[in-house]
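Participant: Could you look at this predicted model? Sequence included:
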Amino acid sequence: MEAPKPIGIEIAYKKGANKKTTNPDLEKQIQAILADSKALPKDYSFAVTDPNVERVTLCDELLERAPRSNLKIYSYTLHDGEGEQETIEQGGDEVQIANHWLLPAREFHGLWDSLIYEDSLKENLLVLLHGPPGTGKTSLCQALAQKLAIRMNKSIYMHFHLFEINSHSLFSKWFSESGKLVQKVFGQINELCQDPTSMVCVLVDEVESIAFAREAISNNEPSDSIRVVNAVLTQLDRIRRFPNVMVLATSNLTGSIDLAFLDRADIVQYVGPPTKEAIYEIYRSAIANLQQVGIVTDREELPSRAELATATSKGTATSMLETLAEQSVGLSGRSLRKVPFLAHALHVQQDVTTMVKFLTAMRSAVRRMQADKAMLGAKSDQVEVAAAAAATSDLSGSNGSSAAADERSVSM
Ligand SMILES: Nc1ncnc2c1ncn2[C@@H]1O[C@H](COP(=O)(O)OP(=O)(O)OP(=O)(O)O)[C@@H](O)[C@H]1O
Ligand SMILES: [Mg+2]
């Protein structure tokens, strides 16, 4: 008979705890908790009495009838401290070209669980994430690297690094030196990759600033920019030959990324603003936090989307939250995370409040945010129209032929 599919369990140990000499009761304790639970959602976390353990997390959804005997345990300890800044000296100045973390890092603890998407986005191996600002692209890359560090077989890799390249700093004032900076930063990555016991995740954040489309570079642009794109592509090809490296890149301007770079990506994944179902869960988790700290006084938790699907009736607060989630569609994950803060700061007069009052305050915060967004959108449209008009009048006022003007306006 086939062995039952193991239940994945992540155990976060406290610093200094020896994972090899673990409390023999721990596995029994976990099994007892699982046996006592009917069904548990994916990423469910619970505490155990072992003083060495910070948190135990379930990797997959636990179904009611699933056998509880076979556990697959992933043990890890979080590295404290912030990412280290990697600097390079250039022209007598220090350029901060990258941040470097040893994973799993406390800074990213819980990040994976906090990111909510409607589909199986988090289950893909992703390489280039693109989409509008604030949709969680950078966070998802960091969370993915952290997950990898926790779940990968420790017998293959002893150390996990996250090397986040500050694409912007490779440019700035030493534009003509950018090609050299690219080589230097990739040189450091190369060094890390030489160690076969280390797994290296390279995050090229806002990749468009280095890998912009060569065809979009007009004739008057310095040829240095082309050299930089070439340097990035060559270096990427070089580091990708290592079996222990994964390159993650983010961009909110996919249209201007070099085609040769796009071709190199195994997976190009669009990350958009959350759907109303994901928004419901984002708000629900924020409200649960406020209930925990006593700002929202109601004790009863709002039901999850899964619980709602089977519920026969729903309370006023649940219906209000559903409507609010629907009204919030179009806001980015970053804006949604701000809604509870704005609601509390601007629309709640007391320190503590009831759920219904808080949801009403959240609705006001969302309206305000949408009004701001519409106003800024209208303003930027006006700026674009004005800039286009200025460009056209410049061209018609100059000696340039109207054919040249047409060409410019088409390529804009
Ligand atoms: N789907 C989501 N679920 C939960 N939180 C989210 C989601 N999307 C974004 N966030 C939150 O929004 C904040 C901003 O995310 P992040 O900086 O990763 O976005 P980004 O797409 O990289 O933005 P930018 O394009 O401006 O760099 C983070 O705190 C993140 O946790
Ligand atoms: Mg980002």
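Facilitator: Perfect, I can see it now. Ligands and ions are numbered 1, 2, ... in the order given.

Participant: Could I get the contacting residues of the closest residue to ligand 1 within the stretch 301-412 of the chain?
Facilitator: Going by Cβ to the nearest ligand atom, ligand 1 is nearest to Gly333 of the stretch 301-412 of the chain, at 2.0 Å. Every residue, glycine included, has its C-beta placed from N, CA and C. Listed by Cβ atoms under 8 Å, 6 or more residues apart in numbering, the contact set of Gly333 reads 115-116, 134-136, 273-274, 282.

Participant: which of the residues you listed are close to ligand 1?
Facilitator: Near ligand 1, judged by Cβ under 6 Å from any ligand atom, the entries from the contacts of Gly333 are 115-116, 134-136, 274, 282.

Participant: And these, which is closest to ligand 1?
Facilitator: Closest to ligand 1, out of all of those and judged by Cβ to the nearest ligand atom, is Gly136, at 2.8 Å.

Participant: That closest one and Gln269 touch, don't they?
Facilitator: No. Applying Cβ atoms under 8 Å, one finds Gly136 not in contact with Gln269, separated by 11.9 Å.

Participant: of the two, who's got more company?
Facilitator: Gly136 (25 against 16; other Cβ atoms under 10 Å).

Participant: nearest residue to that one other than its sequence neighbours?
Facilitator: Of all residues not flanking Gly136 in the chain, Gly333 sits nearest, at 4.7 Å (Cβ to Cβ, 6 or more residues apart in numbering).

Participant: Tell me where this protein is predicted with low confidence.
Facilitator: 1-4, 18-22, 113, 116-126, 153-155, 171-176, 211-224, 378-412 (pLDDT under 70).

Participant: how about the residues of it near ligand 1?
Facilitator: 114-117, 133-139, 250, 252, 274, 278, 282, 333-334, 337.

Participant: Show me what the longest strand anywhere in the chain is packed up against.
Facilitator: Ranked by number of residues, the top strand in the chain under DSSP state E is strand 93-103. Strand 93-103 makes packing contacts with strand 84-90, helix 137-151, strand 159-166, helix 178-193 when contacts are defined by 3 or more Cβ pairs under 8 Å, 6 or more residues apart in numbering; DSSP states H and E.

Participant: show me the contacts for Ala39.
Facilitator: With Cβ under 8 Å, 6+ apart, Ala39 has these contacts: 61-64.

Participant: Could I have the ChimeraX command that selects the buried members from those residues?
Facilitator: Applying 16 or more other Cβ atoms under 10 Å to the contacts of Ala39, the buried members can be selected in ChimeraX as follows:
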select :62
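
Participant: residue ranges for the strands of the protein, please.
Facilitator: Under DSSP E, the chain gives strands at 7-13, 45-46, 53-58, 71-77, 84-90, 93-103, 128-130, 159-166, 198-205, 245-251, 268-270.

Participant: contacting residues around the first one?
Facilitator: Under the contact criterion Cβ under 8 Å, 6+ apart, strand 7-13 has outside partners 19, 26, 30, 34, 52-60, 62, 66, 68, 70-78, 109, 150-151.

Participant: switch the cut-off to 6 Å
Facilitator: Contacting residues not belonging to strand 7-13 are listed as 19, 52-57, 59-60, 71-75, 77, 150 [Cβ atoms under 6 Å, 6 or more residues apart in numbering].

Participant: Now do the same contact list for Arg334.
Facilitator: Contacts for Arg334 were tallied using Cβ under 6 Å, 6+ apart; they are Gly134.

Participant: Kindly apply the preceding question to Glu54 instead.
Facilitator: 12, 14.

Participant: how far off strand 159-166 does the longest strand of the chain point, in degrees?
Facilitator: 140 degrees (axes from the mean of the first three to the mean of the last three Cα atoms, to 10 degrees).

Participant: In PDB, list the C-alpha atoms belonging to strand 93-103.
Facilitator: C-alpha atoms of strand 93-103 as PDB (Å, rounded to 0.1, in the frame of the first residue of the first chain):
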ATOM      1  CA  ASP A  93      32.700  57.900  -3.200                       C
ATOM      2  CA  GLU A  94      31.000  54.900  -1.800                       C
ATOM      3  CA  VAL A  95      28.100  53.600  -3.900                       C
ATOM      4  CA  GLN A  96      25.600  51.400  -2.200                       C
ATOM      5  CA  ILE A  97      24.900  48.800  -4.900                       C
ATOM      6  CA  ALA A  98      23.200  46.000  -3.100                       C
ATOM      7  CA  ASN A  99      21.700  44.700   0.100                       C
ATOM      8  CA  HIS A 100      22.700  41.200   1.300                       C
ATOM      9  CA  TRP A 101      20.700  39.000   3.700                       C
ATOM     10  CA  LEU A 102      21.500  35.600   5.100                       C
ATOM     11  CA  LEU A 103      18.200  33.600   4.900                       C
END
